[in-house]
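1. show me how the following folds:
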Amino acid sequence: MCGGPAADSDVVRRAYAALASGDMDELGECFARDAVWHEPGHNVYSGDRVGWPDIRDEFFALLGPLSRGAFRAELVDIAIGQKYVVAIHRARGEYNGRILDTLTFEVARVARGQIQEVWANYADQAQVDAFWT
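-> Next up is the predicted model:
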């Protein structure tokens, strides 16, 4: 696979498209087998996931069921640097009287055409924690 900033942003865009369509196979192709996901906060998702199987099973696969299908991540913009890609998305959901509507900033390190590591950050961490409680 080709590398470089444009290719790095392409794999991040593909990952968002796969998540939106529920295509876990395509999403898995975007991540390295030994990828690491860092999730801040104090909720069911907080903590680090190591390896695509854990990221898939302990994070992505639960987004729909835990929100009863209400969660959406709408990609707003991507910033491309020399070492990282920053994806900005709007996280939305409404379930059981809880509302989620905040900007998310995910810093991704991409190498060899796959996402190697992600650090998630939220404009309103308290709202995220309350939604995923």
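
2. can I assume Ile55 sits in a strand?
-> No - secondary structure assignment (DSSP: H, G, I helix; E, B strand; the rest coil) places Ile55 in helix, not in a strand.

3. buried residues in stretch 94-103?
-> Neighbour counts using 16 or more other C-beta atoms under 10 Å place Leu100, Thr102 of stretch 94-103 among the buried residues. C-beta: built from backbone N, CA, C; applies to glycine.

4. give me the distance between the two termini of that stretch.
-> Taking C-alpha to C-alpha, to the nearest Å, stretch 94-103 runs 15 Å from one end to the other.

5. go on, stretch 110-117?
-> Per C-alpha to C-alpha, the first residue of stretch 110-117 is 7 Å away from its last.

6. which residues sit against that stretch?
-> The contact list for stretch 110-117 (C-beta atoms under 8 Å, 6 or more residues apart in numbering) reads 1-3, 7-8, 11-12, 15, 29-32, 34-38, 84-85, 108-109.

7. give the next helix or strand downstream of the helix or strand where Glu29 lies.
-> Counting by DSSP states H and E, the element that carries Glu29 is helix 24-30. Next in sequence after helix 24-30, counting helices and strands by DSSP H and E, comes strand 31-39.

8. neighbouring strands for that next one, and are they parallel or not?
-> strand 47-50 (antiparallel), strand 114-122 (parallel) (DSSP bridges).

9. buried residues in the first one?
-> When burial is assessed from 16+ other C-beta under 10 Å, strand 47-50 yields the following buried residues: Arg49.

10. figure out how far it is from the centre of its chain.
-> Relative to its parent chain, strand 47-50 has a centroid offset of 12 Å by C-alpha atoms, centre = their mean, to the nearest Å.
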